[in-house]
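**Student:** Below are the sequence and a predicted model; questions follow.
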Amino acid sequence: MATKTPDATLRERAAALGLYGLLARWHAIEAEPWLRPLIEAEEDERCRRSLARRLEGAKIGAFKPIADFDWTHPRKIDREAIEALFELDFLREHTNVVLIGSGGVGKTMIARNLAHRAIRAGHTVRVVEAAQMLGDLAAQPDTTRLRKRLRRYTSPALLVVDEVGYMSYGQGYADLLFQVVSQRYQRLSTIVTTNRIFSEWQE
């Protein structure tokens, strides 16, 4: 995605946008007053389209903004730690986030707001319920198609897996979950919401 950077020359920005017709005539047009507004308009439009594609691809669904979160509702929550997540350092460090708590305390709301923040920051994201993801993977008829479908969940910069542990997982589902997590580990970030600690996920 082409972006405006303070140290990029106008010609470099045109090259980043692939405006080869302009580049071929650069010496003839570089002093034209319309050139900078044209390039800026193209950058803005491409940023807008890129954001729209990422939002559509994320399957984020409807969610309440984090400004509406009731910090007094969960009996115990580290507000400072949650708010720090919105700096997105965990994405830059390729670490994971696990939000644990009983139903209705706001785990999904936090996770989807983090996903939205990541999208706005230029990252690719996919949001999915655990049962939906594992059912999708389990339905693949052969290894080749499974490998291809796994990329849907292992390639985004951020994967949000909602409601892990809300259903009992047989060994097949547990193995699929492990494949997704292990392929992303230390390479890309994953957010998991769950009502159970890790050791209970197969119970």
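**Tutor:** Looks like it arrived, so ask away.

**Student:** For residue 31, grab the count of nearby residues.
**Tutor:** 7 (other C-beta atoms under 10 Å). C-beta coordinates here come from the backbone N, C-alpha and C atoms, glycine included.

**Student:** Which stretches in the protein count as helices?
**Tutor:** 10-17, 20-24, 26-29, 35-58, 79-85, 89-92, 107-120, 130-138, 143-154, 171-184 (DSSP state H).

**Student:** most tightly surrounded among those helices?
**Tutor:** helix 107-120 (a mean of 21; mean count of other C-beta atoms under 10 Å).

**Student:** Residues in contact with it: which ones?
**Tutor:** 51, 54-55, 58, 60-61, 63-66, 69, 82, 85-86, 88, 91, 97, 99-101, 125, 127, 157-158, 160, 162-163, 191, 193-194 (C-beta atoms under 8 Å, 6 or more residues apart in numbering).

**Student:** Can you pull the phi and psi angles for residue 87?
**Tutor:** phi -80, psi -10 (degrees, to the nearest 10).

**Student:** what about it, neighbour count?
**Tutor:** Using other C-beta under 10 Å: residue 87 sits among 10 other residues.

**Student:** going forward, begin numbering at 342 instead of 1
**Tutor:** OK, 342 is where the count begins now, so the last one is residue 428.

**Student:** Quick check, pLDDT for the residue nearest the centre of the chain.
**Tutor:** Geometric centre of the chain, nearest residue: residue 466, 2.2 Å, by C-alpha atoms, centre = their mean. On the pLDDT scale, residue 466 is placed at 96.

**Student:** Now it: closest residue in space, sequence neighbours ignored.
**Tutor:** residue 399 (4.2 Å; C-beta to C-beta, 6 or more residues apart in numbering).

**Student:** quick check: domain ranges of the protein?
**Tutor:** What the TED database lists as the domains of the chain is 351-399, 407-541.
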